[in-house]
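Enquirer: need coordinates for the following:
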Amino acid sequence: MPRPRLPLVALTVTAALALTGCGGEQAGSDASEGAGGSASAEAGQQAGERPDISMPEDAVLEVDKGRPSEPAHQPALDDAFRYIQAMRHGIVAQDPDDAAYRYYSTAGAARYAHDQIEQWVKGGWTPTGKDRYYDTETASAGSGKGVLVTFCRDQSQTFSRSLETDEVHRTEKSLKSFQKYSVLMREKKGEPGVWEAGRIEVQGEAKECRR
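Expert: Residues are numbered from 1 along each chain as shown. A predicted model of the protein is given here:
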């Protein structure tokens with residue numbers, strides 16, 4: 001069975017990612033149905049209480065965030081990677097409706113996380129190893145109300161482990177190991193200081209990320 005990657009398929013979005021996103025929704029839309037919204041994730045949580053996104057010792061996220069282009073972008077940069085870790089947390093928890101990623105995402109980004117987690121659950125796999133993220137950049141978007149966070153990923157040292165047999169499926173490092181992410185972040189309504197992902201684009205076989 002081929003190892004599922006998190007994620008490999010690139011999503012189609014507009015070039016700037018600031019005006020429109022996955023599914024053709026407007027950047028200002030506030031979807032809250034199913035995996036597309038964060039309203040249900042907020043239920044049962046007190047205001048300002050962030051969800052647990054801790055990971056087991058054998059599933060490490062190594063993040064070199066660097067510095068944002070503007071100091072004001074720092075919270076969006078931090079929460080962009082919390083979204084990535086929350087997605088991985090959902091895989092480890094084997095829960096496509098895990099509250100963690102829904103807290104840090106909405107609309108297309110939430111649906112994307114749900115679909116990725118679901119693929120791993122259906123395959124009976126969980127991640128193990130070191131997942132590396134680096135070369136981060138930030139830029140203002142959506143008339144200054146959003147922040148576009150871009151970064152590279154090297155997944156050559158992270159693998160999938162069968163929950164049934166405990167077998168680790170290893171792959172050789174290649175161009176397929178490298179991806180380029182673009183995540184549009186906006187401040188979460190009703191929770192100052194918390195940013196959530198609304199749009200995501202993932203480019204597979206990203207030559208500019210290869211090291």
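Enquirer: each with direction, which strands does whichever strand or helix holds Phe159 pair with?
Expert: If you go by DSSP states H and E, Phe159 is part of strand 158-162. Within its sheet, strand 158-162 is paired with strand 125-141 (antiparallel), strand 168-169 (antiparallel), according to DSSP bridges.
Enquirer: turn these into a markdown table, columns for mean neighbour count and mean pLDDT.
Expert: In short, each C-beta sits where N, CA and C put it, glycine included. Compiled in a markdown table, the strands paired with strand 158-162 are given as follows (neighbours: other C-beta atoms under 10 Å; pLDDT from 0 to 100):
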| stretch | mean neighbour count | mean pLDDT |
| --- | --- | --- |
| strand 125-141 | 19 | 96 |
| strand 168-169 | 14 | 94 |
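Enquirer: residues contacting Asp98?
Expert: Applying C-beta atoms under 8 Å, 6 or more residues apart in numbering, we find Asp98 in contact with 86, 89-90, 117.
Enquirer: brain fart, Ala80
Expert: Counting by C-beta under 8 Å, 6+ apart, Ala80 touches 149, 151, 183, 185, 195, 197.
Enquirer: how many neighbours does the third one have?
Expert: Which is Val183. Residues lying near Val183 (other C-beta atoms under 10 Å) number 27.
Enquirer: check contacts around the residue of the chain most remote from its centre.
Expert: Distance to the chain centre peaks in the chain at Thr165, reaching 27.6 Å (criterion: C-alpha atoms, centre = their mean). Under the criterion of C-beta under 8 Å, 6+ apart, Thr165 has no neighbours.
Enquirer: tell me the secondary structure for the spatially most central residue of the chain?
Expert: The centroid of the chain falls nearest to Ile84 when counting by C-alpha atoms, centre = their mean (3.2 Å). Of the three states, Ile84 takes helix under DSSP: H, G, I helix; E, B strand; the rest coil.
Enquirer: that one reaches Leu61, doesn't it?
Expert: Yes: if you go by C-beta atoms under 8 Å, Ile84 and Leu61 touch, sitting 7.2 Å apart.
Enquirer: residue contacts, the residue nearest to the centre of the chain?
Expert: Contact analysis of Ile84 by C-beta under 8 Å, 6+ apart lists 61, 133, 181.
Enquirer: any chance of CSV for the strands paired with strand 158-162, columns distance to Lys189?
Expert: Formatted as CSV, the strands paired with strand 158-162 follow (distance: least, C-beta to C-beta, whole Å):
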stretch, distance to Lys189
strand 125-141, 17
strand 168-169, 41
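Enquirer: His73 is nearest to which of those?
Expert: Taking C-beta to C-beta, strand 125-141 is the member of the strands paired with strand 158-162 nearest to His73, at 4.1 Å.
Enquirer: ok so, going back, roughly how far apart are the residue nearest to the centre of the chain and Val202?
Expert: From Ile84 across to Val202, the span is 11 Å (C-beta to C-beta, to the nearest Å).
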